[in-house]
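*Asks:* only the shape, not the letters, is given here:
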């Protein structure tokens, strides 16, 4: 009987089956660091999932995500904690790094919780920036105005 | 006879040169040292306030900066040793003095780094952040200096300052392969240490072996990412340097005030002794004058 059990266990090796990657049994927890130059929101915290807006699109990061480097665009970062609650922050720009050991560093140039942003002010800034766009011809100034438009649009969209 | 009398004429002159200070001299000196003590005490108070604020702001900046450096550590990025690499050194101090060995520590490290690198045949250029560093390096290593930044140290450093420095470096046209930022890392109120953090160029990072595991990276994203990381590292250096500088200035002004106190004590004693000596001399003159009359 022992031999049979042994054989059964040995068979998969002989058959060279391919299976899906190991389930997260003892998979590394995500060590999540989220900071701006002036404030730290998460420091090597263990969270379930993080959604980030990047230049190539928004994607969610779970533990054991494939390592990658991305650049952020203005948008909302959503952090899903272990207990199921989520927190949203608006980031202006920055970078996100997912390393092989499942640590994630989200460094934002400016980041604020959504409730600290005023939608009326964002709308007013957006209108002003759109009006400025038609007025400016200098390329560098145009780029600045376009950045302002993009950021304000994202803020308005996030707060609605 | 003449020779003897001329000898008598000379000696009182030598006796008078070693003059015991008059009361007036001592008073003037005492007043000036008391003023100096007031100034150093107030400078210490100001530095203490600035230090408290700088240390508070350093905490998030440290998390931020170590987050930025995490990639270099985890991916174990190293510049290729073989080819003649172009180096850049960013030295971070400030414009203002009276802060102990802050500026000289960084300058010493930079000078030894330049010596090592030029000895190994590599090209080095230096960016000075802070006027004091420029003054220290200008004479001996002037030809290595690429860029000077001033107005550092008056106000707390911001992310914007770091991005200006990084932008100037990247726009300067100097194609460096790797480099380091040399600054004073803050350890505690009484201690700081001169430290180095590495920076790499976009090509070095892209060609590094372990970058293969990072998925889905195109050149544009990597360039943006690298530029951002550069700013982050410079920002960390600025914050650490500012905190170290304020704590060093606090310590320096504190010891200056203590030294001034000591001098004031000693001078006060001398003043009292001199005053008593003057009074005694006057009494002696009066008494001997009166005795001569009788």
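*Replies:* Cool, got the structure. Being a predicted model, the structure only gives us computed values, none of them experimental.

*Asks:* give the contact list for the nearest residue to residue B:210 once chain neighbours are set aside.
*Replies:* Excluding its sequence neighbours, the residue lying closest to residue B:210 (C-beta to C-beta, 6 or more residues apart in numbering or on different chains) is residue B:75, at 4.4 Å. No exception for glycine: its C-beta is placed from N, CA and C like everyone else's. With C-beta atoms under 8 Å, 6 or more residues apart in numbering or on different chains as the criterion, the residues that contact residue B:75 are A:99, B:208, B:210, B:211, B:213, B:214.

*Asks:* out of those residues, what pair is the most spread apart?
*Replies:* Farthest apart among the contacts of residue B:75 by C-beta to C-beta are A:99 and B:208. That separation is 14.0 Å.

*Asks:* of these two, who's got more company?
*Replies:* Counted by other C-beta atoms under 10 Å in any protein chain shown, residue A:99 and residue B:208 do not tie: residue A:99 has more neighbours, with 21 against 17.

*Asks:* contacts only, for that one.
*Replies:* Residue A:99 is in contact with A:67, A:105, B:70, B:71, B:74, B:75, counting by C-beta under 8 Å, 6+ apart.

*Asks:* name the nearest of those relative to residue B:254.
*Replies:* Taking the contacts of residue A:99 together and measuring to residue B:254 by C-beta to C-beta, the closest member is residue B:70, at 37.2 Å.

*Asks:* could you give the number of residues near that closest one?
*Replies:* Using other C-beta under 10 Å: residue B:70 sits among 19 other residues.

*Asks:* who touches the helix ranked longest in chain A?
*Replies:* Determined from DSSP state H, the single longest helix within chain A is helix A:139-159. If you take C-beta under 8 Å, 6+ apart as the criterion, helix A:139-159 is touched by A:53, A:73-76, A:88, A:90, A:92, A:114, A:117, A:119, A:122-123, A:125-126, A:129-130, A:132-133, A:136.

*Asks:* now do stretch B:102-109
*Replies:* With C-beta under 8 Å, 6+ apart, stretch B:102-109 has contacts from B:91-94, B:97, B:130, B:132-133, B:136-137, B:182-184, B:192, B:194, B:196, B:241, B:244-245, B:248.

*Asks:* quick one: mean pLDDT over it.
*Replies:* Averaged across stretch B:102-109, pLDDT comes to 95.

*Asks:* all strands of chain A, in order?
*Replies:* For chain A, the strands defined by DSSP state E cover A:31-36, A:39-54, A:57-61, A:68-72, A:75-81, A:86-91, A:94-98, A:103-108, A:111-113.

*Asks:* I'd like these as CSV, with distance to chain B, mean neighbour count and mean pLDDT appended.
*Replies:* Formatted as CSV, the strands of chain A follow (distance: least, C-beta to the nearest C-beta, whole Å; neighbours: other C-beta atoms under 10 Å in any protein chain shown; pLDDT from 0 to 100):
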stretch, distance to chain B, mean neighbour count, mean pLDDT
strand A:31-36, 4, 24, 91
strand A:39-54, 5, 18, 90
strand A:57-61, 10, 14, 89
strand A:68-72, 4, 23, 89
strand A:75-81, 14, 19, 91
strand A:86-91, 12, 18, 90
strand A:94-98, 5, 25, 91
strand A:103-108, 4, 25, 92
strand A:111-113, 11, 17, 90
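
*Asks:* of all those, which lies closest to residue B:276?
*Replies:* When those are compared (using C-beta to C-beta), the closest one is strand A:39-54, at 64.4 Å.

*Asks:* that closest one to strand A:94-98, inter-axis angle?
*Replies:* Calculated by axes from the mean of the first three to the mean of the last three C-alpha atoms, to 10 degrees, strand A:39-54 forms an angle of 80 degrees with strand A:94-98.

*Asks:* output the contacting helices and strands for strand A:39-54.
*Replies:* Strand A:39-54 makes packing contacts with strand A:31-36, strand A:57-61, strand A:68-72, strand A:75-81, strand A:103-108, helix B:23-74 when contacts are defined by 3 or more C-beta pairs under 8 Å, 6 or more residues apart in numbering or on different chains; DSSP states H and E.

*Asks:* JSON lines for these, including distance to residue A:141?
*Replies:* Compiled in JSON lines, the helices and strands packed on strand A:39-54 are given as follows (distance: least, C-beta to C-beta, whole Å):
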{"stretch": "strand A:31-36", "distance to residue A:141": "26"}
{"stretch": "strand A:57-61", "distance to residue A:141": "29"}
{"stretch": "strand A:68-72", "distance to residue A:141": "23"}
{"stretch": "strand A:75-81", "distance to residue A:141": "24"}
{"stretch": "strand A:103-108", "distance to residue A:141": "25"}
{"stretch": "helix B:23-74", "distance to residue A:141": "30"}
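
*Asks:* pLDDT value on the residue of chain B most remote from its centre, please?
*Replies:* Here the centre of chain B is the reference, and by C-alpha atoms, centre = their mean the most remote residue is residue B:294, at 70.5 Å. The model reports residue B:294 with a pLDDT of 83.

*Asks:* that one and chain A, how far apart?
*Replies:* Computed as C-beta to the nearest C-beta, to the nearest Å, the residue B:294 to chain A distance reads 88 Å.

*Asks:* write out the residues of chain B neighbouring chain A.
*Replies:* Counting by C-beta under 8 Å from any C-beta of the partner chain, chain B comes close to chain A at B:57, B:59-61, B:63-64, B:67-68, B:70-71, B:74-75, B:158-159, B:213-217, B:221-222, B:224-225, B:228-229, B:232, B:235.

*Asks:* ok, now which ones touch the residue nearest in space to the middle of chain A?
*Replies:* The structure's chain A has its C-alpha centroid closest to residue A:52; by C-alpha atoms, centre = their mean the separation is 2.2 Å. Neighbouring residues of residue A:52 by C-beta under 8 Å, 6+ apart: A:58, A:59, A:60, A:61, A:70, A:72, A:77, A:96, A:106.
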